[in-house]
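Asker: build me a model:
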Amino acid sequence: MNCTNMSQIRVIARLLTIGVQSGSSTLTILSIKCRGADRGFGPPDRGLHHAKFILSNKNNILVEDVMRSKTSLFLAASTVSMLMAFAAPAFAQQALSPDAGLSGDGDAGQASEGEAIVVTGSRIARPELESPMPVSVTNMEQALDLGRISAIEALELDPALGTNQNLSSDVRGWDAGIAAVNLRDLGTNRSLTLIDGQRRVSGSARSSAVDIGMIPVSMIDRIEVVTGGAAAIYGADAVTGAVNVITKRNIEGLHISGLAGISEQGDAAKYLVSFATGGKFAEGRGSFSIGGTYSQSNPLIYTDRFDWRDWPTYRANPENTGIDDGIPDRVLAPNTRQLYFDYVPTYWLNGQRYKVEGGNVSESNCDIEYSPGQYAVCDGGDGRNLSDRDQFRGGLKSLALMGRVDYSITDAIEFGAHFSYSRQKYDGTYNYWRDDSRTTYFSGPVPGGRGASAKLDNPYLPDSVRQVMLDNNLTSLYIDRTYGNFPEREEDHDRESYTIGSSLSGKLGSRFKWEAFWQYGRVTDNVTEANVPWKSHWIAARDAIADPVTGDPICRDAAARAQGCVPFDIFSTAPATEAQIKWAMADRHEKRINTQQIYGANISGPLFALPYGDVSVAVGVEHRKETLKTTDDPLALAGELVYGAGPSEHPELDKSFNVSEAYGEVVIPLLSDLPFARRLEVEGAYRYSDYSTVGSTHAWKAGAMWSPVEGLSFRGVLSRSVRTPNFGELYEAKVETLTGAYTDACSLALYYASETRAANCKALGIDTPFETPRIGPVVVTGGNPDLKPETSNSLTLGAILQPRFLPGLDITVDYWDIDIKNVITQFSYATLIRLCVDAPTIDNPYCARVTRDPATGYATRVESNQLNAARLYARGVDIGLGYRRPIGEGTLSLSFKGTYLLDKVTETTPGIPEGDVVSDGAWENPRFRGNLLMAYKINDLNIALNTRFISAATYELNTDSDEAYPRQHIPAKVYNDLSVQYDIGEKYQFGFGVNNILNIMPTHMPTIYRDDRIYGVVGRYFFTTIKLNF
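Answerer: Predicted coordinates for the structure are as follows:
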């Protein structure tokens, strides 16, 4: 490089290292990069030269540009003074770093000596840290200091991410225990997760989402989140953006950390122990790093936070007379009960429900009855709260390991290899088994289906019940109850995953870099559903007679007796015996295996020079193959362990797909170092993909970056992304499930919501509204092999302000707009019924999915499998702010990031706004979410306060009238978390903290009061941390 006055530049750089040293931090010069007119940074006649200092204090990187002319020592001196004021605080502290903040926009890249930086959202190395696509950074060490023990917990502090898949999202089911990111709340399937820029195998049998919980936190350096369509760079699924987990390299020594936490109420405990180590070998030509994490999160169940009677729901208001009558359509029932699911036996006779308790018969009554009849729903009184044994979050034990080795074969060729392994054990409960006389339970061709039936010859029959049957000339009587005396059903996942990969990389001459890589990953999920009623065995065991010889109870079915049938007393609440449990229940075993193999090659570098810089390109090819194989328990496949209100059928799958891709990216500098054009560059990218499932797809992006003056930049990106349907959406087998009571759009409560609905209900043959059905339709769910790929257009426009008059202040504002067509989704059966009658006529695709009984008008069957809806669009504004400055003997930093949601709407049918599902401002999608981290470090003490803000929201936006609910407003919530860390020398650090200091709990409204994804139900939480460095 040819820079004038190079000796002066070196002097300035040395002054910088002196000026910003503080305490034990040592600042060193990693490199000095100079570019003059001969390198294209300015017109030849200007004679300007460009110097870049890359400075480091081991844990931080600072990059600063200095413009040099032949007589600009004054500018150099000014730069020195500015950098000293700007950088000294940045290098004077560690842990909860005041210079970076927990989640901010900015220094996403990691510089190494003499090299440019590749930031997430691009494959081209560039000297600038700012890119057209907004990139936010979350530091894992800082998250640990705030009591976060996993990557998904750390990312929950970034408002750009919505309700991620976590331990509270799906406490049972396909994805129970998985941690997956959900950018913009537009779905985990539309957020791509990368590790060091590479894809990973999905952790789910029905989606493409990567389980980010399988990464050891000890090896995570930071997490970069790029928002906006990134499919042109990384391929399918990056519709809303990409999350790139950057792992640690060049580790020296041994680093050990630990965390333990517990709630104020002594539950929801969590623990973490991790290590990371590394070093060099072969005289520095090779390096290795390895780390691991063991963590444990204990479960939290309903009665840990609420009284067993506390179950708020909205019920149809019996006083309601119609639309706009001034009377709410629904009323709040704070202590909802269902009489027929009591823990004691009940039965329905002559218009009254009775319970059998202690051998005595008495009436079961409500304090307030909202749904009269056989299957009454009450507010208060007898009966059971069906949520009393629900889990807010499941229990998880996780072991994760990761390592890599790099070796320079020659000065121009480097070999790399990496591996990762994880084992997770997730424990979830499924509630007690319950059944009643509806066909919802044990339906099908099995004799004796439906609820238990008491017969006069049953030796367990209480005398009081026998007398009732005799008085009413009954030979049998249906018994409805919850069997709390049998073990709770459980769902446990034992997931094991591993990934191995290798690469060769090097240089072509002095300008181009190349890489070739291969990677294979596999996730095996062994699922055990424990204590599932064995259909034929359960039915046989509950129908007992007296042995004609001994008089002891035996099973009525002779064939079952021959198999060892053990009867049980359907009237007893005493714990079942081991023999009864072994006969009547079974464990269901399933296995799901995902694999992914990917290989490719790329090359990048400056292609040629323009007057204001090099035109840089990156091109590459990739091939990927993914497979999914699922096997189910033979008893489940035979229909013995699946039924209407229990576990679903999971027919076996053996599917695969492959895709070949080619991509290219270019960055073109147009202007530099001119008036109102300190920097102007454009970029573009294109990706062609050929899928074995859906054929070819095309993705692209175009962006620009303009800095008119120092400290002010504008950026913009327009992109087209594609998401292909995944295994679950395409191939998940269709399953028929029987449902319970539901509110039909043509029922009395909703019939007159609009003239269109009433007219359509009449067109379906329902001339007058009916009472709310007690038995719902058969609902068919599953995949759809005819699905089309989603396509999306994304626009991001933003500005970056770093005012020179206020050093240390960074402000970013970005407008974003995502518009997705052919949205792959699955509507609930109730939504499909509503969409059918809310369209202008019944000649619409949703009515084609609903079958009704011509005699009663009730919906009997609804096809609720995957479909392509019309459109999903969302837009909003992201705001970021970072500020740092010395105060007294310490350093204060502020880091703020917020997201304001302008719109989020799903259009179900083009041109029919009545079918739109509006989400912006609803409680699942509040208008504004923000996170503010304030940290102050003085000497060895670091104190941080993290504040999360969730704006006020509306309970339900898509209502049939303004009177739909008596209460719609959900107040704003503010959560404060405190962390204190203290360094003892350079080797030890101890800390403690309190999360949710003010013990803020969710608003006590249906569904929300128990939501642990957005508002949290754990309450005030205490934790302590320790870090050891050797």
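
Asker: now do stretch 743-761: everything it contacts.
Answerer: 316, 320, 322-323, 329, 764, 766, 769-773, 830, 833-834, 836-842, 857-859, 914, 960-961 (Cβ atoms under 8 Å, 6 or more residues apart in numbering). For the C-beta atoms, the positions are set from N, CA and C on the backbone; glycine is no exception.

Asker: filter these to the buried ones?
Answerer: Among the contacts of stretch 743-761, those classed as buried by 16 or more other Cβ atoms under 10 Å are 316, 320, 323, 329, 764, 766, 769, 772-773, 830, 833-834, 836-839, 842, 857-859, 960-961.

Asker: in helices, which of the residues you listed fall?
Answerer: Counting by DSSP state H, the part of those found in helices is 830, 833-834, 836-838.

Asker: now do the contacts for Gly716.
Answerer: Here Gly716 is in contact with 132, 703-704, 795-798 (Cβ under 8 Å, 6+ apart).

Asker: what bridges to it?
Answerer: Taking DSSP bridges as the rule, Gly716 bridges to Ala704, Leu797.

Asker: pLDDT value on it, please?
Answerer: pLDDT recorded at Gly716 is 96.

Asker: same question for Ser207.
Answerer: Note on Ser207: pLDDT of 82.

Asker: go on, the one 10 residues further on?
Answerer: For Val217, the pLDDT comes out at 94.

Asker: pretty sure it contacts Glu153?
Answerer: No - the criterion here is Cβ atoms under 8 Å, and Val217 misses it with Glu153 at 9.4 Å.

Asker: beta partners of Leu892?
Answerer: Here Leu892 sits in beta bridges with Arg885, Tyr936, going by DSSP bridges.

Asker: any idea how far it lies from Gly921?
Answerer: Separation of Leu892 from Gly921 (Cβ to Cβ, to the nearest Å): 35 Å.

Asker: likewise for Pro708?
Answerer: Counting by Cβ to Cβ - Pro708 and Gly921 are separated by 36 Å.

Asker: and for Asn822?
Answerer: 26 Å.

Asker: Asn658 now?
Answerer: Distance from Asn658 to Gly921, counting by Cβ to Cβ: 42 Å.

Asker: the two: who's more crowded?
Answerer: Ranked by neighbour count (other Cβ atoms under 10 Å), Asn658 and Gly921 place Gly921 first, with 19 against 14.

Asker: between the ones in helices among the buried ones among the contacts of stretch 743-761, which is nearest His1004?
Answerer: Nearest to His1004 out of those is Ala830 (Cβ to Cβ; 24.2 Å).

Asker: OK, contacts around the closest one?
Answerer: Here Ala830 is in contact with 742-743, 745 (Cβ under 8 Å, 6+ apart).

Asker: what's the nearest residue to Arg678 if we skip its chain neighbours?
Answerer: Ser707 (4.4 Å; Cβ to Cβ, 6 or more residues apart in numbering).

Asker: and if you look at Arg723?
Answerer: In space, and not counting its chain neighbours, Arg723 is closest to Glu790: 4.3 Å by Cβ to Cβ, 6+ apart.

Asker: same question, Glu153
Answerer: Ala143 (7.0 Å).

Asker: for my notes, confirm that neighbour occurs in a strand.
Answerer: No - assessed with DSSP: H, G, I helix; E, B strand; the rest coil, Ala143 is helix; it does not lie in a strand.

Asker: please write out the alpha-carbon positions of the helix or strand hosting Leu192 in PDB.
Answerer: Using DSSP states H and E, Leu192 falls within strand 191-195. Taking Å, rounded to 0.1, in the frame of the first residue of the first chain, the C-alpha atoms of strand 191-195 are listed here in PDB:
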ATOM      1  CA  SER A 191     -37.000 -17.400   9.900                       C
ATOM      2  CA  LEU A 192     -33.700 -19.000   8.900                       C
ATOM      3  CA  THR A 193     -31.200 -19.900  11.500                       C
ATOM      4  CA  LEU A 194     -27.500 -20.200  10.600                       C
ATOM      5  CA  ILE A 195     -24.400 -21.200  12.600                       C
END
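
Asker: the next helix-or-strand element following it pairs with which strands?
Answerer: Of the helices and strands lying after strand 191-195 in sequence (DSSP H and E), the nearest is strand 198-199. Sheet pairing here is set by DSSP bridges, and for strand 198-199 it gives strand 191-195 (antiparallel).

Asker: avg pLDDT for stretch 929-940?
Answerer: Stretch 929-940 shows an average pLDDT of 95 in the prediction.

Asker: give me the contacts around the helix or strand containing Ser707.
Answerer: Element membership for Ser707 (DSSP H and E) is strand 695-709. The list of residues contacting strand 695-709 from outside it, by Cβ under 8 Å, 6+ apart, reads 128, 130-133, 229-233, 235-236, 676-691, 713-722, 724, 789.

Asker: mind listing which of these are in strands?
Answerer: Judged by DSSP state E, strands contain the following of those: 677-691, 713-722.

Asker: out of these, which end up buried?
Answerer: Buried members of the ones in strands among the contacts of strand 695-709, scored by 16+ other Cβ under 10 Å, are 678-689, 691, 713, 715-722.

Asker: shaky segments in the stretch 151-300 of the chain?
Answerer: 164-172 (pLDDT under 70).

Asker: can you map out the strands along it?
Answerer: 191-195, 198-199, 220-227, 241-247, 253-263, 270-281, 286-297, 300-301 (DSSP state E, counting those that start in this stretch).

Asker: now those in CSV, with distance to Lys625 and mean neighbour count?
Answerer: Shown next, in CSV, are the strands of the stretch 151-300 of the chain (distance: least, Cβ to Cβ, whole Å; neighbours: other Cβ atoms under 10 Å):
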stretch, distance to Lys625, mean neighbour count
strand 191-195, 18, 26
strand 198-199, 12, 20
strand 220-227, 26, 25
strand 241-247, 21, 27
strand 253-263, 37, 18
strand 270-281, 32, 18
strand 286-297, 29, 20
strand 300-301, 40, 21
